[in-house]
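[1] need coordinates for the following:
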Amino acid sequence: MNRITVIYDNRSSRGDLRPGWGFSALVEYGDVCLLFDTGGDKIVLEHNASALGIGLKEADYLFFSHEHCDHVGAASSALHKGLTVVYPDSFSEAFKKKVEAAGAISLTVTGPTEFSSGLTSTGELGNAIVEQSLIIDTPDGPVLITGCAHPGIVEIARTATDIAGGPLRLVLGGFHLGSTPPDEVRKIGSALRDLRVRQIGPCHCTGERAISILREMFAEDGLEVMAGTRIEL
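    I've put the predicted structure just below:
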C-alpha cells in the first residue's frame, strides 16, 4: 500500500479530528512507514493519530522538514528506540541530543539523499530558514511533500524536479503564502505549471486565500488537503 494520510493540519475534514496549527503526515510506502513532521501539539497529534488508526511509534522513519515548533513540537509522541530520524544537519545540538536520548538513530542530511529506496530528501535548502522536503518515487511520477516551504515553493519544486529527473506528479504541504498578494500567488501557480507540476495540495501555512487561488488555477488537479485527507500513490 502506497498512500499519504494527513494527520495534523490547521483544518480538519472530520468532526472527530482536531485542527491545529502545524503539519504532520504519514507516508506508507511499500513496507516502509514514514512520519513527516509531528505538528506542534502532542495532544492534537495523538488524538488524530488514534482516530485514524495510526500507531505513531510504529513508524520506521521520522522525517523533519525544519526546526520550528509547529513541525517538531510533538516529537516526543513519535520518538522511540530504533527509529531513524532524518533531519537537516543544521538542527540544534539540543534537538540532536533529544533524538539520542530516545534511543533513535540520527540521519542528518546536507545535500540530496536517498535514505530508503524511493524516498529522497532534497537536502538542506534556504538560507535564513533551512528546510528539507521529501521526494517520493511513484509509478505515476514523483511526489513532493513540503513542511512550510520557507526557501520558496517554486525553488523547492524546481530542485525536486531536477533531483527526480522529471516533472512532479504532486506537490503537497505548506507553501507559506499567507501574506502573499493575490497577483504574486498567481505567478507562483503559473511557475509551478511551467515546471509541469500535475497536481497540488496546498495546506497549513499556505493561507486560505492562496489555497483558493491555487486550487482554482489547477482546477480538478487542485486537491483539498486537511487533517484526515488520504491520497493514494
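
[2] which phi and psi does the residue lying closest to residue 128 once chain neighbours are set aside have?
    Distances taken as C-beta to C-beta, 6 or more residues apart in numbering put residue 150 closest to residue 128, at 7.5 Å, once the chain neighbours are dropped. Heads up, the C-betas are built off the backbone N, CA and C, glycines and all. With angles defined as degrees, to the nearest 10, residue 150 sits at phi -60, psi -40.

[3] residue 150 contacts residue 176, correct?
    Yes - counting by C-beta atoms under 8 Å, residue 150 touches residue 176, with 5.9 Å between them.

[4] list the buried residues for stretch 22-41?
    22-29, 33-41 (16 or more other C-beta atoms under 10 Å).

[5] same check, this time on stretch 71-91
    So stretch 71-91, judged by 16+ other C-beta under 10 Å, has buried residues 71-75, 77-79, 83-88, 90-91.

[6] for the residue lying farthest from the centre of the chain, helix, strand, or coil?
    Outermost residue of the chain with respect to the C-alpha centroid, by C-alpha atoms, centre = their mean, is residue 183; its distance is 25.4 Å. Under DSSP: H, G, I helix; E, B strand; the rest coil, residue 183 falls in the helix class.

[7] in contact with it, which residues?
    With contact set as C-beta atoms under 8 Å, 6 or more residues apart in numbering, residue 183 has no partners.

[8] quick check: the closest residue to residue 72 other than its chain neighbours vs residue 222, distance?
    Nearest residue to residue 72, sequence neighbours excluded (C-beta to C-beta, 6+ apart): residue 64, at 5.7 Å. Between residue 64 and residue 222 the computed distance is 27 Å (C-beta to C-beta, to the nearest Å).
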